[in-house]
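J.: Sequence and computational prediction follow.
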Amino acid sequence: MKALLLEEKGKWKDMKVSELDTPSPEADEILVNVKAAGLNPVDYKTGSNGYPGWTFPHVLGLDVAGVVEETGAEVTDFKAGDRVVFLNDMSRHGGFAEYAVTKAHTVSKLPDSVQFEDAAALPVAAYTAYQALFFKLHVQKNKTILIHAGAGGVGGFAIQLAKYAGLTVITTASEKKHSYVKQLGADYAIDYKNEDFVQKTKEITNGLGVDYVLDTVGRENATKSLETLAFNGQIAFIAGQPEMNDSISFGHPISFHHVALGSVYQSCNRAEEETLKQIGDHLVELLAEEKIHSLVEKVLSLEEVPKGLEELESRGTTGKIVARI
């Protein structure tokens, strides 16, 4: 099969399409003919630093959509020809190739109305946003949330899902992206480059603060975000934990939630892995019903993936970039 090969860690900008043996599914797995694969910052980050257990050449790509080619002996829920989407296990070869293998119990089926490119935008970004809002924060209707970096993948899906859940949404984004995040559903947009998001959030909430924060930026930003939380507020963080000790007080209780979706594959717990299918099924349903949108802004060829990852690294993109395989 053709695959985009990472020859060694640190060389992701030099990846080239070459030949690689087509994998075979184990008893509980399916082999998928990949039709589209999403690009994510985690691709260039692991491409730079490597990952425990990798052998080279390696194939990146965690967002995978395609058609079932073959099923393992124990698989009963899928058959050849089924259209599917899944979050790939980071320790294994990924979706920047003609074929990929995954555990069948983590996979969601796609209706014919959902394009592969749109489905391939979901797993890393939308699944993470979903886990943060519904599995960690357990968001409730009529509450208020601050979502950082709303023009990005996780932030963009989080805005849509928060509005679907009936929340008031405040988000941070550069001023030129305010119209974009408001089209996604944000009620308020704060220019993080020129405005103090803590002060603006307090103004918007009449000094009360927000019920929830989703931080996708980093440790310093997450720590500052604690100042925006209302009494009994909660923060979910993805890119670095806030400084907690000095923030814990009897007079202003708050809760902290660590979001790390890909670690589910390290749990050795099938029930936990099956939550990927649960999340994927609901997101595909919302996508098919046009209650959320895929955020796809650009579709590339497999050969153009390194260029697309460089665009992501520059942090100047909005939405999602997807490769058509």
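T.: Noted; the coordinates are in hand. Numbers count the residues shown, from 1 in each chain.

J.: Can you get me the start-to-end distance on stretch 184-191?
T.: Using CA to CA, to the nearest Å, the end-to-end distance of stretch 184-191 comes out at 16 Å.

J.: Residues in contact with that stretch: which ones?
T.: The list of residues contacting stretch 184-191 from outside it, by CB atoms under 8 Å, 6 or more residues apart in numbering, reads 147, 150, 156, 159-160, 162-163, 168-175, 177-178, 181-182, 197, 200-201, 204, 293. C-beta: built from backbone N, CA, C; applies to glycine.

J.: what do you get if the cut-off is 7 Å, keeping everything else the same?
T.: The list of residues contacting stretch 184-191 from outside it, by CB atoms under 7 Å, 6 or more residues apart in numbering, reads 150, 156, 159-160, 163, 168-175, 178, 181-182, 197, 200, 204.

J.: Would you show me how to pick out the buried ones of these in PyMOL?
T.: Selection of buried members from these for PyMOL, criterion 16 or more other CB atoms under 10 Å:
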select buried, resi 150+156+159+160+163+168+169+170+171+172+173+174+178+181+182+197+200+204
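
J.: Rounded mean pLDDT for stretch 16-30, please.
T.: Summarised as a single mean, pLDDT over stretch 16-30 is 97.

J.: how distant is that stretch from the center of its chain?
T.: Its chain's average C-alpha position is 24 Å from that of stretch 16-30, according to CA atoms, centre = their mean, to the nearest Å.

J.: Same check on stretch 278-287?
T.: Here stretch 278-287 is found 13 Å from its chain centre; the criterion is CA atoms, centre = their mean.

J.: Now do the buried residues in it.
T.: For stretch 278-287, a neighbour-count test (16+ other CB under 10 Å) marks 279-280, 283-284, 286-287 as buried.

J.: go on, stretch 285-301?
T.: Residues of stretch 285-301 classed as buried under the neighbour-count rule (16+ other CB under 10 Å) are 286-288, 292-296, 299-300.

J.: can you redo these as CSV with secondary structure?
T.: Formatted as CSV, those follow (DSSP: H, G, I helix; E, B strand; the rest coil):
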residue, secondary structure
L286, helix
L287, helix
A288, helix
I292, coil
H293, coil
S294, coil
L295, coil
V296, strand
V299, strand
L300, strand
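
J.: I'd like those as TSV, with distance to G10 appended.
T.: Listed next are the buried residues of stretch 285-301 as TSV, based on distance: CB to CB, whole Å:
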residue	distance to G10
L286	38
L287	35
A288	40
I292	36
H293	35
S294	31
L295	29
V296	29
V299	27
L300	22
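
J.: Which of these sits closest to I254?
T.: Nearest to I254 out of the buried residues of stretch 285-301 is I292 (CB to CB; 28.5 Å).

J.: Could you measure from the closest one over to L286?
T.: As judged by CB to CB, to the nearest Å, I292 and L286 stand 5 Å apart.

J.: so what's in contact with those two at the same time?
T.: Contact criterion CB under 7 Å, 6+ apart; residues shared by I292 and L286: Y164.

J.: what about Y212, is that helix, strand or coil?
T.: Using three-state DSSP, the structure places Y212 in strand.

J.: That one and H138 touch, don't they?
T.: No - at 9.4 Å, Y212 does not count as touching H138 under the criterion of CB atoms under 7 Å.

J.: count of residues packed around T46?
T.: By the criterion of other CB atoms under 10 Å, T46 has 21 neighbours.

J.: swap in V34?
T.: When neighbours are defined as other CB under 10 Å, V34 has 26 of them.

J.: Whichever strand or helix holds it: how far from the chain's middle?
T.: Element membership for V34, per DSSP states H and E: strand 29-38. The chain centroid and the centroid of strand 29-38 are separated by 17 Å, computed with CA atoms, centre = their mean.

J.: mind starting the numbering at 18 from now?
T.: Done: numbering now begins at 18, and the last item shifts to strand 46-55.

J.: If you count neighbours, what's buried in the very next helix or strand once past it?
T.: Moving toward the C-terminus from strand 46-55, the next helix or strand (DSSP H and E) is helix 58-66. By 16+ other CB under 10 Å, the buried positions in helix 58-66 come out as 58-61, 63-64.

J.: Helix 58-66 - what's its average pLDDT?
T.: Here the average pLDDT along helix 58-66 is 96.
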